[in-house]
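In: model the structure of this input:
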Amino acid sequence: EAQLHPCTPPGCKREPWQFEIGSGEGGGLVRPCRSAGMSEPVFSLRETIKDVASSVVGAAACCYTGAPFDTVKVRMQARPDKFLGPVNCAYKTVSEEGVLALWKGSRATLTGMVMENAAAFAVNEQLKRIFPASAESEGTMSASEMAKGVVLGSITGIVTAAVLCPAEVIKTKTQVAMANHKLGDPPAPNEFKMLRAVWSKQGPRGFYTGLEAQAMRDGPFYAVFFGSYEISVHLLRQYTLLPDEAAFFISGGIAGMVGWGAVIPFDGPKSIIQASWKTGIAGDFGSTFRTVVRERGLGGLYAGFAPAMCRAFPANAALFLGYEMTKRGLNDVEEMLQF
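Out: The predicted structure is shown next:
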């Protein structure tokens, strides 16, 4: 059972309202604090708020940087017969619907990204506080630390899949409806009309269409995403003279490309399932995966690969840079207010 335990020795930044974990005097649960000989915070409301606030800034940067590439990717996955390639898809989209069509669904995407990244960064950072690096491995990147980063990332991905799924359903259905729209037809629905359509046709369950497929993609994605980011930042700090801002930017881009490169075969079937009105929460991923391979070959699993890779670097570089710099700024403000 956790208890409130104020930390008073100099050098320890714990606040009285922070929870601790481990074994301590009086039956309290505390963890040894290497900096002050006492204990370090595990559950901190202040740190969680900073994680969430920083993730919102990063999510906005990621969303609007990557939205055009994401629109092209989803349309190619859902309607590969309509486009010759990513450039042709982008050209047709702009010529038929205008430049802003590349940002269609971005409001739903932003909502989803804010929720997803708030959950992802809050959960991942909390897991790192619960399972911190040992004193011996601090500042290094051992095999065990790499493996731990991957495992914590996969747990993060499964949690965020449930948070992200409703926004992904609305975004995917909206983008595909725009791709199928023909001149002379009634205007294609925007995100809000699509939300009402899902609710009226399928009820609350409709917002979790393809949840199984979402978890199949997001678990491995975040395992690779956060794991490769930590490794890249460590290597750039150790072997280059790049400033932290550049390390965050480059590492975020690399993490995005590695993560999407690993899961793009799962992303295509997910988009197909969530674009359909006939699929359910679970049970469709395996059959959809096999159908794509049978009808389009293994290459069909990589439909939208080029725009996904083009999006992955700038969007995720912006995500991590926005997150890290906002978190640093909030830490600086906190330190100033303490004096």
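
In: ok, Glu191 touching Lys173?
Out: No: here Glu191 does not reach Lys173: they are 9.2 Å apart, not a contact under CB atoms under 8 Å. Heads up, the C-betas are built off the backbone N, CA and C, glycines and all.

In: between these two, who's got more neighbours?
Out: Each of Glu191 and Lys173 had its neighbours counted (other CB atoms under 10 Å), and the higher figure belongs to Lys173 (26 against 20).

In: you'd agree the more buried one is in a helix?
Out: Yes: assessed by DSSP: H, G, I helix; E, B strand; the rest coil, Lys173 belongs to a helix.

In: how about the nearest residue to Ala312, chain neighbours excluded?
Out: The shortest distance from Ala312 to any residue that is not its chain neighbour, by CB to CB, 6 or more residues apart in numbering, is 3.7 Å, and that residue is Gly256.

In: and Arg107, by the same measure?
Out: Of all residues not flanking Arg107 in the chain, Glu191 sits nearest, at 5.4 Å (CB to CB, 6+ apart).

In: so how many other residues sit close to the residue nearest to Ala312?
Out: The burial count assigned to Gly256 is 28, neighbours taken as other CB under 10 Å.

In: any idea how far Leu152 is from it?
Out: As defined by CB to CB, to the nearest Å, Gly256 lies at a distance of 18 Å from Leu152.

In: got a list of what Arg237 touches?
Out: With contacts defined as CB atoms under 8 Å, 6 or more residues apart in numbering, Arg237 is in contact with 244, 247.

In: point out where the chain drops to low pLDDT.
Out: Along the chain, the parts satisfying pLDDT under 70 run over 1-42, 78, 105-106, 108, 134-141, 181-186, 188, 339.

In: nearest to the spatial middle of it, which residue is it?
Out: The centre of the chain sits closest to Asn117, judged by CA atoms, centre = their mean, with a distance of 5.1 Å.

In: contact partners for the closest residue in space to Lys82 that isn't next to it in sequence?
Out: Closest residue to Lys82 apart from its sequence neighbours, by CB to CB, 6+ apart: Ala179 at 6.9 Å. Ala179 makes contact with 75, 78-79, 82, 93 under the criterion CB under 8 Å, 6+ apart.

In: rerun that using 10 Å as the cut-off
Out: For Ala179, the residues meeting the contact criterion (CB atoms under 10 Å, 6 or more residues apart in numbering) are 71-72, 74-76, 78-79, 82-83, 89, 92-93, 96-97, 101, 104, 188, 275.

In: any idea how far it lies from Gln202?
Out: Per CB to CB, Ala179 is found 21 Å from Gln202.
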